[in-house]
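K.L.:
generate a structure from the sequence data that follows.
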Amino acid sequence: MATSTLFETVPRGSIRDVLAGQILTAAVRGDFPAGSRLVVQRLAEQFGVSATPVREALAELASRGIVENTPNRGAVMRDFGPVQIREIYQLRRVLEVEAVRNACGKIDRESLERLKTDFEKLAAAPRDDAWSGRAMDIDVRLHALIAAHCGSDRLREELARYNTLVQVVREVVDNEHRAQEIALAEHLKIIAHLLAADAHRAAETMADHIRRTAVLVEAALFSNLVDAAVRSQTK
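P.N.:
Numbering: from 1, shown residues only. You can find the predicted model right below:
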């Protein structure tokens, strides 16, 4: 688990978000099974921080439905498995489709062309150790560009909340290359529709993209968790 060194370069106001991500990552990996009590002082010692950002992180996770605050037991981890993955991606699909529909025609052509070129270069690049990280970075850039032009602060904030969940899940399943290869081709189609100012087709392609990604991530995550369980039983 992380220690205080993780937070030395983190702006004070962001410690809560980093902690929330660390706790969520542990939950996705199975370190906090459903029903586990998340004791503030114990987590503070574990992560090398004060109790205040831990409480804030748990409150944030509770707002996302990952943690439940109970009257007698405090913060308790809720189930986090295939069903929850489907629900997260279902809501993300609704948000992303609305965002891309609203953003169509509002993003400057130069930014879209630049992203298109970067995606095309990535598609032609060798699949070395750095490729997966580059794929995630450019993926984030496209979705952030769409969110920035969706025309709604509330929609943009909700997208950010769900994208945090999605990024943690994707990191746990190691950003599996097959899923990223498929996403790359789909992102290029979305950009093409945005360049053509075709909101309907951009929204349709985004919906298909999120739906397909959810299936691939669920399969990879379930496989990883099964492998981890088998390894723990053979130790």
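K.L.:
where exactly do the helices run in the protein?
P.N.:
Along the chain, the stretches classed as helices by DSSP state H are 15-28, 40-47, 51-63, 82-103, 109-124, 131-148, 153-172, 177-195, 199-234.
K.L.:
and these as a markdown table, adding mean pLDDT, mean neighbour count and distance to Thr70?
P.N.:
All C-beta atoms are positioned from the backbone trio N, CA, C, and that covers glycine. A markdown table is the format used below for the helices of the chain (pLDDT from 0 to 100; neighbours: other C-beta atoms under 10 Å; distance: least, C-beta to C-beta, whole Å):
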| stretch | mean pLDDT | mean neighbour count | distance to Thr70 |
| --- | --- | --- | --- |
| helix 15-28 | 83 | 22 | 16 |
| helix 40-47 | 91 | 16 | 14 |
| helix 51-63 | 90 | 18 | 10 |
| helix 82-103 | 92 | 18 | 18 |
| helix 109-124 | 96 | 14 | 45 |
| helix 131-148 | 92 | 17 | 34 |
| helix 153-172 | 82 | 17 | 22 |
| helix 177-195 | 90 | 18 | 36 |
| helix 199-234 | 76 | 16 | 25 |
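K.L.:
closest to Val76 out of those helices?
P.N.:
helix 51-63 (9.8 Å; C-beta to C-beta).
K.L.:
counting by contacts, list what the closest one packs against.
P.N.:
Where contact means 3 or more C-beta pairs under 8 Å, 6 or more residues apart in numbering; DSSP states H and E, helix 51-63 is packed against helix 15-28, helix 40-47, strand 67-70, strand 74-77.
K.L.:
and the third one, what does it pack onto?
P.N.:
Packing partners of strand 67-70 (3+ C-beta pairs under 8 Å, 6+ apart): helix 51-63, strand 74-77.
K.L.:
so which of these comes closest to Ala192?
P.N.:
Across the helices and strands packed on strand 67-70, closest to Ala192 is helix 51-63 (C-beta to C-beta), at 36.3 Å.
K.L.:
send me the closest one as CSV with only the CA atoms.
P.N.:
Only the C-alpha atoms of helix 51-63 are listed here, as CSV (Å, rounded to 0.1, in the frame of the first residue of the first chain):
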residue,chain,number,x,y,z
ALA,A,51,-7.6,11.5,9.3
THR,A,52,-9.2,14.5,7.6
PRO,A,53,-8.4,13.6,3.9
VAL,A,54,-9.3,10.0,4.7
ARG,A,55,-12.8,11.1,5.9
GLU,A,56,-13.1,13.3,2.8
ALA,A,57,-12.1,10.4,0.5
LEU,A,58,-14.5,8.0,2.1
ALA,A,59,-17.3,10.6,1.8
GLU,A,60,-16.4,11.0,-2.0
LEU,A,61,-16.5,7.2,-2.5
ALA,A,62,-19.8,7.0,-0.6
SER,A,63,-21.2,9.6,-3.0
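K.L.:
show me the contact partners of that helix.
P.N.:
Helix 51-63 is contacted from outside by 15-17, 19-20, 23-24, 38, 40-41, 43-44, 47, 67-69, 75, using C-beta atoms under 8 Å, 6 or more residues apart in numbering.
K.L.:
and the closest residue to Ala57 other than its chain neighbours, how far from Arg161?
P.N.:
If the residues on either side of it in the chain are set aside, Ala57 comes closest to Leu19, at 3.8 Å by C-beta to C-beta, 6 or more residues apart in numbering. Leu19 is 15 Å from Arg161, where distance means C-beta to C-beta, to the nearest Å.
K.L.:
same question, Trp131
P.N.:
Distance, Trp131 to Arg161, by C-beta to C-beta: 28 Å.
K.L.:
and if you look at Phe32?
P.N.:
Where Arg161 is concerned, Phe32 sits at a distance of 20 Å (C-beta to C-beta).
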